[in-house]
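Undergrad: Sequence plus the predicted model coming up.
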Amino acid sequence: MATAMQNPDFGPGSGAINEEKRRLTEFARAERERQKQALNLQRSNILSQKTSNPARRSALLAALEQIEGQIQAIN
């Protein structure tokens, strides 16, 4: 049977390390969610714009493709 000295998952300070890892993981997840939410807001804004100008429409489509690529990269 392993003792607390042989198993690094148990012992003094391991709770603090695990808690710190959990906190950092949660922070990174929350940051990704904020980024995704901001990108989706930008995407919605682009989709809501209506224009008859072909150059403007082309620019909007390019921006939309870029934002959707960033959303895919986050996922």
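TA: Cool, the structure landed.
Undergrad: give me the low-pLDDT residue ranges for the protein?
TA: 1-14 (pLDDT under 70).
Undergrad: Go again with 50.
TA: 1-4 (pLDDT under 50).
Undergrad: center of it, which residue is that?
TA: For the chain, the residue sitting closest to the mean C-alpha position, by Cα atoms, centre = their mean, is residue 32 at 1.7 Å.
Undergrad: Near the closest residue to residue 64 other than its chain neighbours, how many other residues are there?
TA: Closest residue to residue 64 apart from its sequence neighbours, by Cβ to Cβ, 6 or more residues apart in numbering: residue 46 at 5.0 Å. Bear in mind the C-beta positions are built from the backbone N, C-alpha and C, glycine included. For residue 46, the neighbour count with other Cβ atoms under 10 Å is 17.
Undergrad: cool, residue 44 as well?
TA: 10.
Undergrad: gap between it and residue 19?
TA: 37 Å (Cβ to Cβ, to the nearest Å).
Undergrad: Likewise for residue 68?
TA: 36 Å.
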